[in-house]
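Q: predicted model and sequence follow; I will ask about them next.
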Amino acid sequence: MPIVNRVADLQPDIQAWRRDIHQHPELLYDVHRTAAFVADRLREFGCDQVVTGLGQTGVVGVIKGKQPADGDLKVIGLRADMDALPVEEQTNLPYASKTPGKMHACGHDGHTAMLLGAARYLAETRNFAGDAVVIFQPAEEGGAGGAAMVKDGLMERFGIDQVYGMHNGPGIPIGAFAIRQGPIMAATDEVDIKIEGLGGHAARPHKCIDSVMVGAQLITALQSIVARSVDPLESAVISICEFHAGNARNVIPQTAELKGTIRTLTPEVRALVEKRVHEVVAGVAQITGAKIDLHYKRNYPVVVNHAAQTDVARKVAQQVAGDANVHEMPPLMGGEDFAYMLEARPGAFIFCGNGDSAGLHHPAYNFNDEAIVYGTSYWIKLVETSLAAS
């Protein structure tokens, strides 16, 4: 089955909502305008319940089907994220961000608009049995808003049995989807390392403990973890992306700071890498004589698609896009806090094609409005298929 005809009619409205949200980007939990916009639309659509302030600034709408559910699956949750990024937009679009230094560079404006479009359609037709719960989440970009909503009782309060998420995918053709069972996105951990050596004159290194050399040695040693401690058939990434030390060419600095990210796809590899990072840091400190302070922070867990729900999502995407346009994808080493919702309930996360756009988090990125009809139709068919009315 192709896109839902009614969605094609709604496309101009959904696009207008998307562009309005795009012009007014907000960060992390400070999404008050966006949340109010969402809540107002949900009330206009006639949702049976609209709840605000969940997980600080999240919004939830409940849409009841035309008949009660008669199977084990009674309530399905659909999640979109609302927050933007601290990026200066460089698109020169007529609807570009009006807020300097903030931009919807990851397509959350599109995610929110598509779910609003689905909510409007589902509230009009109610051609399903049970409840559809639309979830609009703050703070995906580093703030763990998904965890905040789960901790605030999202699943229990609304009786959610299964939960689904969707993200746009640059490089995936418009009208296509990509998904896989099992780990689909990585755990994202952080390391902050402070090195204290012994500063001094650059011409007398033997009287110093060179924090720059220690930092360089540590970066090299950390890479050996992936190369020599992790099974080559498993996946891990250690990237040290900040190195701050010194301010003069002839002074060996007393201190240096390193910051980086660690990505893994299984709990076992995650634990192994964390253990080895601590051991490598301790070893470099011992052989150099420097004092090294390591702060290792676990962030988002692995996004793991459940088998049965992945199969449902794949079949629904095939209804919308056709079998040839639903692809099996490799896991990505990027992170997503939808992981917390998938830890709380079974579900699946899918990618919807954004065409040949700039990459996510790039200042020239823009959500492709041609994707709206496909993503919105997916949400609708997911509800109507999972909660089929008799």
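A: Structure's in. What do you need?
Q: and the residue nearest to the spatial centre of the chain, what is it in contact with?
A: Taking CA atoms, centre = their mean, the centroid of the chain lies closest to Glu336, which sits 2.9 Å from it. Applying CB atoms under 8 Å, 6 or more residues apart in numbering to Glu336 gives the contacts Glu140, Gly165, His167, Met185, Tyr300, Val303, Phe349. For every residue, glycine as well, the C-beta is placed using N, CA and C.
Q: same thing with Val31?
A: For Val31, the residues meeting the contact criterion (CB under 8 Å, 6+ apart) are Thr57, Met82, Asp83, Pro138, Ala139.
Q: which residues of this structure score low on pLDDT?
A: With pLDDT under 70 as the threshold, the chain has low-confidence stretches at 1.
Q: now the strands: where do they sit in the stretch 51-200 of the chain?
A: With DSSP state E, counting those that start in this stretch as the criterion, the stretch 51-200 of the chain has strands at 58-64, 75-81, 131-137, 162-169, 177-179, 182-185, 187-196, 200-201.
Q: reformat those strands as CSV; add distance to Val280.
A: Compiled in CSV, the strands of the stretch 51-200 of the chain are given as follows (distance: least, CB to CB, whole Å):
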stretch, distance to Val280
strand 58-64, 39
strand 75-81, 35
strand 131-137, 36
strand 162-169, 34
strand 177-179, 35
strand 182-185, 25
strand 187-196, 11
strand 200-201, 26
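Q: so which of those is the most surrounded?
A: strand 131-137 (a mean of 28; mean count of other CB atoms under 10 Å).
Q: who does that one touch, helix- and strand-wise?
A: helix 32-45, strand 58-64, strand 75-81, helix 108-125, helix 145-151, helix 154-158 (3 or more CB pairs under 8 Å, 6 or more residues apart in numbering; DSSP states H and E).
Q: quick one: that strand to strand 162-169, angle?
A: Between strand 131-137 and strand 162-169, the angle comes out at 50 degrees (axes from the mean of the first three to the mean of the last three CA atoms, to 10 degrees).
Q: partner strands of strand 131-137, with direction?
A: strand 58-64 (antiparallel), strand 75-81 (parallel) (DSSP bridges).
Q: let me see the residues that make contact with the first one.
A: Right, the one you point to is strand 58-64. When contacts are defined by CB under 8 Å, 6+ apart, strand 58-64 is touched by residues 35, 38-39, 42, 45, 47-52, 54, 119, 122-123, 126, 130-138, 145, 148-149, 152, 154, 158.
Q: what's the helix or strand for the residue nearest to the centre of the chain?
A: Take DSSP states H and E as the rule and Glu336 turns out to sit in neither a helix nor a strand.
Q: rebuild the helices and strands packed on strand 131-137 as CSV, extending it with distance to Asn354.
A: Conversion of the helices and strands packed on strand 131-137 to CSV gives the following (distance: least, CB to CB, whole Å):
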stretch, distance to Asn354
helix 32-45, 20
strand 58-64, 24
strand 75-81, 15
helix 108-125, 8
helix 145-151, 21
helix 154-158, 27
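Q: what sits opposite Leu294 in the beta ladder?
A: Ile193.
Q: do Ala84 as well
A: Legend: beta-bridge partners of Ala84 under DSSP bridges are Leu27.
Q: out of the contacts of Val31, who's nearest Leu387?
A: Using CB to CB, Met82 comes nearest to Leu387 of these, at 24.8 Å.
Q: is it correct that the closest one is in contact with Ile135?
A: No. If you go by CB atoms under 8 Å, Met82 and Ile135 don't touch, sitting 10.3 Å apart.
Q: separation between Arg345 and Gln162?
A: As defined by CB to CB, to the nearest Å, Arg345 lies at a distance of 6 Å from Gln162.
Q: now do the shared contacts for these two.
A: Each of Gly77 lies in contact with both Arg345 and Gln162 under the rule CB under 8 Å, 6+ apart.
Q: can you put the strands paired with strand 131-137 in JSON lines and add distance to Tyr340?
A: Shown next, in JSON lines, are those (distance: least, CB to CB, whole Å):
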{"stretch": "strand 58-64", "distance to Tyr340": "12"}
{"stretch": "strand 75-81", "distance to Tyr340": "11"}
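Q: and of the ones you listed, who's closest to Pro205?
A: Of all the strands paired with strand 131-137, strand 75-81 sits nearest to Pro205, with 49.8 Å by CB to CB.
Q: so that closest one versus helix 32-45, what angle?
A: Between strand 75-81 and helix 32-45, the angle comes out at 140 degrees (the same axes, to 10 degrees).
Q: outside of strand 75-81, which residues touch it?
A: Residues from elsewhere that reach strand 75-81 (CB under 8 Å, 6+ apart): 69, 108, 111-112, 114-115, 118, 130-138, 140-141, 145-146, 154-155, 158-166, 338, 341, 345, 347, 379, 382-383, 386-387.
Q: rerun at 6 Å
A: 108, 111-112, 115, 130-137, 140, 159-165, 379, 383, 386 (CB atoms under 6 Å, 6 or more residues apart in numbering).
Q: also stretch 199-216?
A: Outside stretch 199-216, the residues touching it (CB under 6 Å, 6+ apart) are 195, 197-198, 243, 245, 250, 252-256, 258, 288-290.
Q: if we go to 7 Å?
A: With CB atoms under 7 Å, 6 or more residues apart in numbering as the contact definition, stretch 199-216 has outside contacts at 195, 197-198, 243, 245-246, 250-256, 258, 284, 288-290.
Q: got a quick PyMOL command for the buried subset of these?
A: Selecting just the buried residues from these in PyMOL takes one command, with 16 or more other CB atoms under 10 Å as the test:
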select buried, resi 195+197+243+245+246+252+253+254+255+256+258+284+288+290
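Q: inside helices: which ones of the contacts of stretch 199-216?
A: The subset of the contacts of stretch 199-216 located in helices under the criterion DSSP state H comprises Val284, Thr288.
Q: how does the protein divide up, domain by domain?
A: 5-185+302-386, 187-298 (automatic domain parsing).
Q: C-alpha coordinates for stretch 277-297, CSV please?
A: Coordinates of the C-alpha atoms in stretch 277-297 are reproduced here as CSV (Å, rounded to 0.1, in the frame of the first residue of the first chain):
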residue,chain,number,x,y,z
VAL,A,277,40.4,2.5,29.8
HIS,A,278,40.9,2.7,33.6
GLU,A,279,43.8,0.2,33.3
VAL,A,280,45.5,2.0,30.5
VAL,A,281,45.2,5.4,32.2
ALA,A,282,46.7,3.9,35.4
GLY,A,283,49.5,2.3,33.4
VAL,A,284,50.5,5.5,31.6
ALA,A,285,50.4,7.4,34.9
GLN,A,286,52.8,4.8,36.4
ILE,A,287,55.3,4.8,33.6
THR,A,288,55.4,8.6,33.1
GLY,A,289,55.2,9.7,36.8
ALA,A,290,52.3,12.0,35.9
LYS,A,291,49.1,12.3,38.0
ILE,A,292,46.1,11.4,35.8
ASP,A,293,42.5,11.9,36.9
LEU,A,294,39.9,10.0,34.8
HIS,A,295,36.2,10.7,34.9
TYR,A,296,34.3,8.0,32.9
LYS,A,297,30.6,8.7,32.4
